[in-house]
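**Q** 3D, please:
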Amino acid sequence: MGMGPVENGASAAVEATAVVVPPAANKCGSYALLQCGEDSEYVRKAYGGYFEVFRALLAEDGERWRVYRAVRGELPTDAEAAGFDGLVISGSCSDAHGDEPWILALVDLIRRLLAAGKRILGVCFGHQILCRALGGRTGRSTKGWDIGVSCIHPTAAAARLFAPLKLPVHMPVIEFHQDEVWELPPKAEVLARSDKTGVEMFRLGDRAMGVQGHPEYSKDILMSIADRLLQNNLILDCQVDVAKASFDVRQPDKDLWKKVCRGFLKGRLPSQQQSQQQKQQQVAVL
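**A** Okay, here's the model as predicted:
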C-alpha cells in the first residue's frame, strides 16, 4: 500500500465536498485535491481532515481549493477539471497497482488531465499512481516498510529544476509506505533517491511530478497512523520505535518542501516559465 490517509469506518459519512472560495480566487489560481483515502478520526478532529492538511502545505491567499474524494469514486468532470490550474493526488491505504474501480477511473482521469495540459503533483500513493498512469510500474518494496523521517538526496536534475531554491544535499521528509516506483514512465527522470527507495521523486516534463514522502505530514499525524496499524497487527512495535527515534536524529524540512511543492504545482520554476513563454510565442505566431 502507498501509505497515506488511513480509512476509518466512523468517517465514512464525512461531510460533502468542501469548497473554499476566498476573495479574488479566480485571479490567483484554482486547485483541486483528489483525496484517495478516508480521513482518520484523529486527523478529522485535530486538523479538520486531510484536505486542510494539504491546504496548509500548498494553499496561498486568494486561491480557490476544492476536494474530490476519489476513494469514493468522486472525480472532477472534464468540464470541472478544465477550470483548475493544478491538481494534487493524496496518499492512500490502497495499492497503486490495484485494480479497484475507483483506481482505474483515477488512472484514466490522470491521462486525460495530462493530455489537456494540466499540472499534477502526486504524493505517496499519488506519486505511485501518477507513475502507473504514465506507463511506469509500481509494487511492494523489497526492503519493507519505510516509516519515519528519511533523508532523501536530490539528483543533478532536481538541482537544475529547483535552481532558485539551492537544494541542500539532504532533504529530510516524513515517509510512510511499503510500495514504491519500480520502473519510471518513458522519458521521466529521477529527481531524488534515498538509501531505501530508488525513486523518491520523479517528473515527466513540466506537468507531472511525484513525491514518495509526505511533505504534508507532521509527527503527530505519522504516529497516529502508526498506532492504528500497530493495533491491527499490520506493523511491528520495533517499526514504531524506529519511526519515533528518527525524529530525534533529524526533523523534516517542511519549509523547503513547501517551496518545492508549491513551486512545481504553480508553475514557478524557470523551465516551466520558459515553456509557458514558448507556448505564448507559438500562439502569437499562429
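
**Q** find the residue at the geometric middle of this structure.
**A** Most central in the chain under C-alpha atoms, centre = their mean is V123, positioned 1.8 Å from the mean C-alpha point.

**Q** can you pull up the bridge partners for that one?
**A** Counting by DSSP bridges, V123 forms beta bridges with V211.

**Q** quick one, what contacts it?
**A** Contacts for V123 (C-beta atoms under 8 Å, 6 or more residues apart in numbering) come out as G4, V88, I89, S90, G91, G210, V211, G213, H214, P215, E216. Heads up, the C-betas are built off the backbone N, CA and C, glycines and all.

**Q** just send the residues you listed back as CSV, with pLDDT, distance to R203 and secondary structure too.
**A** Below are those laid out as CSV (pLDDT from 0 to 100; distance: C-beta to C-beta, whole Å; DSSP: H, G, I helix; E, B strand; the rest coil):
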residue, pLDDT, distance to R203, secondary structure
G4, 53, 20, coil
V88, 98, 15, strand
I89, 98, 14, strand
S90, 98, 18, coil
G91, 96, 19, coil
G210, 98, 8, strand
V211, 98, 10, strand
G213, 97, 15, coil
H214, 97, 18, coil
P215, 97, 15, coil
E216, 97, 19, coil
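
**Q** which one of those residues is nearest A163?
**A** Minimum distance to A163 across these is 18.3 Å, recorded for V211 (C-beta to C-beta).

**Q** which ones are touching that closest one?
**A** Residues in contact with V211, defined by C-beta under 8 Å, 6+ apart, are L121, G122, V123, C124, H127, V173, E200, M201, C261.

**Q** ok so G263 is a strand residue?
**A** No - under DSSP: H, G, I helix; E, B strand; the rest coil, G263 falls outside any strand and is assigned helix.

**Q** neighbours of the residue lying closest to it once chain neighbours are set aside, how many?
**A** Leaving aside its chain neighbours, G263 sits nearest to L269 (5.4 Å; criterion: C-beta to C-beta, 6 or more residues apart in numbering). Neighbourhood size, L269 [other C-beta atoms under 10 Å]: 21.

**Q** can you check C36 too?
**A** The number of residues packed near C36 is 30, by other C-beta under 10 Å.

**Q** pretty sure it contacts G91?
**A** Yes - between C36 and G91 there is a contact under C-beta atoms under 8 Å: 6.7 Å.

**Q** which residues in this protein form helices?
**A** Taking DSSP state H as the test, the helices found in the chain are 25-28, 41-47, 50-58, 78-81, 101-115, 125-133, 156-161, 219-231, 237-249, 254-265, 270-285.

**Q** mind putting those helices in CSV, distance to V181 included?
**A** Listed next are the helices of the chain as CSV, based on distance: least, C-beta to C-beta, whole Å:
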stretch, distance to V181
helix 25-28, 33
helix 41-47, 26
helix 50-58, 21
helix 78-81, 25
helix 101-115, 15
helix 125-133, 5
helix 156-161, 15
helix 219-231, 21
helix 237-249, 22
helix 254-265, 17
helix 270-285, 22
